[in-house]
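Trainee: fold the following for me, if possible:
(4 chains)
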Protein chains: 2
Amino acid sequence: MSEKTQDTRRRILEATRDALLSGEGAGVRMADIARRAGVSRQALYLHFANRAELLVATTRFVDEEQDVDARLAASRSAASGRERLARFIEAWGGYIPEIHPMARPLLAVYETDDAAREAWDDRMRAVREGCAAAVAALETDGDLAPELSAKDATDLLWGLLSVRNWEQWRFGARWSQKKYLAMVQRLAERALVGE
Amino acid sequence: MSEKTQDTRRRILEATRDALLSGEGAGVRMADIARRAGVSRQALYLHFANRAELLVATTRFVDEEQDVDARLAASRSAASGRERLARFIEAWGGYIPEIHPMARPLLAVYETDDAAREAWDDRMRAVREGCAAAVAALETDGDLAPELSAKDATDLLWGLLSVRNWEQWRFGARWSQKKYLAMVQRLAERALVGE
DNA sequence: GCGCAGATTGACGCTGTGTCAAGCGATTCC
DNA sequence: GGAATCGCTTGACACAGCGTCAATCTGCGC
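Mentor: Next up is the predicted model:
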């Protein structure tokens, strides 16, 4: 891959990100992206096999820009399990709004597009690992509700922190981001921590 | 509308329901439905303006068959607020699996199709009313967590009981329907009821 | 100057939705 | 018994958007 290749590729990714962020939402077409990148529609296919792959690459690109790993890692330094849980929710819940514009079109084709599903599931598995780590920390402290297995607690938390739930509460119920975070914190605490 | 018209319409609705139930999922095409109904593809358009409208009509049709209103109403006879909450979760949570095959393709076009969004939102508003009633009953008993307003509690419950959450826990986490119900019951109790 | 990589251009195939016009059989109306 | 009407069929078509292909162009390394 030459420097030029990398440059074009980058421009395409930025164009995709910007197109998605510009509010068009799920209706962003390959032709739109190409125009925005100042490149022919066919050039997109020289760099990405199809639309799904391009979307996936774009989420990864944005993840790197935003340094999501570092954000999620921050919760690791928490002193207690309960604090770690809170820090993780804060980190992930605060990150959702940033990736949501990218996530939306991906979710829109989730059912019909194998590549999109694969990519989304892959990212969500990473979130689940974060959930599992927080639950493990709780368990170590003896703070995990005794009636919950670690697996069930992880899945419970994972579900609470889903992007779909964020959409539901943020837009369906019209909660502010701040309120969303506060409510989910409270909910997770009550759901996972033993009395 | 003649008897024959009604008959054809009914056959189309049944064919749509069956096609959706037969596992094809969201990928059911107009042509498939027509073939199954033993009718020309164009006949579908004589009865329904477009695909979304047909899907919407099918969910209504199934709702009537299943008598969803009666199911949800059953919770109304509960003696206490807490029992009413439990009965409502049981009724709605138990109904989701039945309508899910119909709901899936509707949700798939939710973003792009106004009619579908309208219809789905309408049905979900009905669920929210059920949530609000359960929360009101809790409040009357003085069992609602004091830090929650009735509205927030309603939205919280509404979110927990969303179809997306059911999908997440049922398929993402691979919980059984029984486990889903038990977990959501526990979660709702802890989330809404004051100590 | 040669050759190749990266990009462009323009055309095409495909799928699935929705539209249109002509026609056909059964029922109804007088 | 003929005409009008209704419900449906048949076959063709337009359109959007994705993905593909072949031919061509441009610029760089050597």
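
Trainee: worst-scoring helix or strand of chain A, pLDDT-wise?
Mentor: Across the helices and strands of chain A, the lowest-confidence element by mean pLDDT, DSSP states H and E is helix A:68-73, at a mean of 81.

Trainee: off-centre distance for the helix or strand that that helix is followed by?
Mentor: Sequence-wise, the next helix or strand beyond helix A:68-73 is helix A:81-108, with elements assigned using DSSP states H and E. Mean C-alpha position of helix A:81-108 versus that of the full chain (Cα atoms, centre = their mean, to the nearest Å) differs by 6 Å.

Trainee: following element in sequence after helix A:81-108, please.
Mentor: helix A:114-140.

Trainee: quick check: next helix or strand after that next one?
Mentor: The first helix or strand that comes after helix A:114-140 along the chain, using DSSP H and E, is helix A:150-160.

Trainee: may I see the buried residues of that following helix?
Mentor: Taking 16 or more other Cβ atoms under 10 Å in any protein chain shown as the basis for neighbour counts, the residues of helix A:150-160 that come out buried are A:152-160. Placement of C-beta: from N, CA and C, glycine included.

Trainee: distance to chain B and pLDDT added to those, as JSON lines?
Mentor: What follows is those, written out as JSON lines (distance: Cβ to the nearest Cβ, whole Å; pLDDT from 0 to 100):
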{"residue": "A:Asp152", "distance to chain B": "7", "pLDDT": "98"}
{"residue": "A:Ala153", "distance to chain B": "10", "pLDDT": "98"}
{"residue": "A:Thr154", "distance to chain B": "8", "pLDDT": "98"}
{"residue": "A:Asp155", "distance to chain B": "4", "pLDDT": "98"}
{"residue": "A:Leu156", "distance to chain B": "6", "pLDDT": "98"}
{"residue": "A:Leu157", "distance to chain B": "10", "pLDDT": "98"}
{"residue": "A:Trp158", "distance to chain B": "7", "pLDDT": "98"}
{"residue": "A:Gly159", "distance to chain B": "5", "pLDDT": "98"}
{"residue": "A:Leu160", "distance to chain B": "8", "pLDDT": "98"}
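
Trainee: what is the nearest of those to DNA strand D?
Mentor: Minimum separation from DNA strand D among these (Cβ to the nearest atom of the strand) is found for A:Trp158, which lies at 29.3 Å.

Trainee: name all residues that make contact with the closest one.
Mentor: When contacts are counted by Cβ atoms under 8 Å, 6 or more residues apart in numbering or on different chains, A:Trp158 is found next to A:124, A:127-128, A:131, B:168, B:172-173.

Trainee: nice, that's everything, thank you.
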